[in-house]
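[1] coordinates only, sequence not included:
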């Protein structure tokens, strides 16, 4: 009984401590110290309260996540009070990255086994045509896809006995542009591209032989130059830290905005750079199931 009460007390203390935190340490380079009540080198996941003071030496840096899911990056040598840094949290946050840092905050402050299981729940996937279909299931949110080239396998499960992929030029009616029989293999987006007429907006679905299915999915095939410009704009908000974490953040932001082929590339990179990270592996697995 005493042991149970002790664990309850410790768990409650962790929750209170997380609630009191003004910042969570996201990244450090060099020996950045917290210098209140002794001296402690900061590590990723450390919590900072209003009374804490940071000492940043020459050639060191630290990135902090605010409670508002904004970030503060300190690269200049000096002594900084947490109180003096709080005003930076009120600056306009980058909409491309706020959901990512919401996810990271929860991952670092909650008991493991909860937020890190499903980063998709934190993504603001705007613009999707539909989500979910009893007849067809995929592990990727493919109801909206922005694409120009590259590897993107779409694995699916379907109740249709003779599944086909059908592509139209309109969300409801429109001309049938493509109808191809599918086997048990995934739809390869680069293969589907060979059936289309290049740039434009398309609507596709997995249907039965008679055309029975759910709502159509949106596919935008971009001009290559415009596509790269859009990707560059998204990645401009990425905070460069260690290589695997940086690659994962890129993949997350790109998936959130439906650039799935680009996201797949960066998720592969993150898992390769840090093969022991279970989150990276689980995220990448969604592209193979």
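    Sure, I can see it. Fair warning: this is a prediction, and the values are worked out from it, not measured in the lab. Numbers count the residues shown, from 1 in each chain.

[2] residues touching residue 165, list them.
    Neighbour list for residue 165: 178-180, 182, 187, 192, 204-207 [criterion: Cβ atoms under 8 Å, 6 or more residues apart in numbering]. For glycine as for every other residue, the C-beta is placed from the backbone atoms N, C-alpha and C.

[3] now residue 283
    Contact analysis of residue 283 by Cβ under 8 Å, 6+ apart lists 119, 248, 251, 267, 270-271.

[4] and it, helix, strand or coil?
    Secondary structure state of residue 283, per DSSP: H, G, I helix; E, B strand; the rest coil, is helix.

[5] Could you report the pLDDT at it?
    pLDDT for residue 283: 92.

[6] Between the contacts of residue 283, which sits nearest residue 67?
    Nearest to residue 67 among those is residue 119, at 19.6 Å by Cβ to Cβ.

[7] Now do the closest residue to residue 160 other than its chain neighbours against residue 163, distance only.
    Nearest residue to residue 160 in three dimensions, chain neighbours excluded: residue 208, at 4.2 Å (Cβ to Cβ, 6 or more residues apart in numbering). According to Cβ to Cβ, to the nearest Å, residue 208 stands 7 Å off from residue 163.

[8] Go ahead and confirm residue 220 touches residue 145.
    Yes. In this structure, residue 220 is within contact of residue 145 by Cβ atoms under 8 Å, at 7.3 Å.

[9] neighbour count winner among those two?
    Taking other Cβ atoms under 10 Å, residue 220 and residue 145 do not tie; residue 145 has more neighbours (22 against 16).

[10] Please name the bridge partners of that one.
    Bridge pairing for residue 145 (DSSP bridges) gives the partners residue 219.

[11] So it is in contact with residue 218, correct?
    Yes. Residue 145 is in contact with residue 218 according to Cβ under 8 Å; the separation is 7.2 Å.

[12] Could you count how many residues lie near residue 285?
    By other Cβ under 10 Å, neighbour count at residue 285 equals 12.

[13] circling back: out of the contacts of residue 283, which is nearest to residue 76?
    Out of these, the member with the shortest distance to residue 76 (by Cβ to Cβ) is residue 248, at 27.3 Å.

[14] And that closest one, how close does it get to residue 202?
    Using Cβ to Cβ, residue 248 is found at 30 Å from residue 202.

[15] Residue 24 too?
    For residue 24, the distance to residue 202 equals 42 Å [Cβ to Cβ].

[16] who's more crowded, residue 208 and residue 163?
    Shown here are residue 208 and residue 163; by other Cβ under 10 Å, residue 163 has more neighbours (23 against 15).

[17] Excluding covalently adjacent residues, which one is nearest to that one?
    Residue 163 sits nearest to residue 182 (Cβ to Cβ, 6+ apart), 4.5 Å away.

[18] Confirm residue 229 sits in a strand?
    No. The assignment for residue 229, made by three-state DSSP, is helix rather than a strand.

[19] Count the neighbours of it for me.
    Neighbours around residue 229, by other Cβ under 10 Å: 11.

[20] what's the answer for residue 259, then?
    Other residues near residue 259 number 26, with proximity taken as other Cβ under 10 Å.

[21] what residues are up against it?
    Residue 259 neighbours (Cβ under 8 Å, 6+ apart): 146-147, 230-231, 234.

[22] Need the pLDDT of it.
    If you check residue 259, the pLDDT there is 97.
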